[in-house]
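1. Here is a sequence together with a model predicted from it:
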Amino acid sequence: MKVKSRVIEQYKELCPFSYAKCESITDVEYKIKRAVQLGTRTATIDGEKYIQYYYNCFVVKGNKVIHMRKNKDKYIDVRESVKATYDRLEGKILV
């Protein structure tokens, strides 16, 4: 899965504390990809999938994350144990 550079900038703006913990853009991309994988699909419109992860909403078209925004109207919880399992499977450890 690819992440557009615009989405990385949106992540930096919308999730500044999480972004600050990342040591590289690769770490940011990993967090975005993890959010898309573990989030819940809330809609599909014109071939674009809307994935909600906590308050973050990602728009995925094909195999690319093309947009990110906050959705304060809906909250999708993801257990820490699920994230830890995903990180272990991917061989990644993040703070």
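-> Received, thanks.
2. Strands of the protein, residue ranges please.
-> Shown for the chain, the strands assigned by DSSP state E span residues 2-3, 40-45, 48-53, 56-61, 64-70.
3. and these as JSON lines, adding distance to K33 and mean pLDDT?
-> Where you see a C-beta, it was placed from the backbone N, CA and C, and this is true even at glycine. As requested, the strands of the chain are exported to JSON lines (distance: least, C-beta to C-beta, whole Å; pLDDT from 0 to 100):
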{"stretch": "strand 2-3", "distance to K33": "7", "mean pLDDT": "98"}
{"stretch": "strand 40-45", "distance to K33": "15", "mean pLDDT": "96"}
{"stretch": "strand 48-53", "distance to K33": "11", "mean pLDDT": "97"}
{"stretch": "strand 56-61", "distance to K33": "10", "mean pLDDT": "98"}
{"stretch": "strand 64-70", "distance to K33": "8", "mean pLDDT": "98"}
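4. Could you identify which of these is most buried?
-> strand 56-61 (a mean of 20; mean count of other C-beta atoms under 10 Å).
5. What is that one packed up against?
-> Packing partners of strand 56-61 (3 or more C-beta pairs under 8 Å, 6 or more residues apart in numbering; DSSP states H and E): helix 25-38, strand 48-53, strand 64-70.
6. Counting by contacts, list what the last one packs against.
-> So that's strand 64-70. Counting contacts by 3+ C-beta pairs under 8 Å, 6+ apart, strand 64-70 packs against strand 2-3, helix 5-14, helix 25-38, strand 56-61.
7. Which one of the ones you listed lies nearest to D46?
-> Nearest to D46 among the helices and strands packed on strand 64-70 is strand 56-61; the distance by C-beta to C-beta comes to 8.8 Å.
8. gap between that closest one and the chain center?
-> Chain-centre distance of strand 56-61: 8 Å, with C-alpha atoms, centre = their mean, to the nearest Å.
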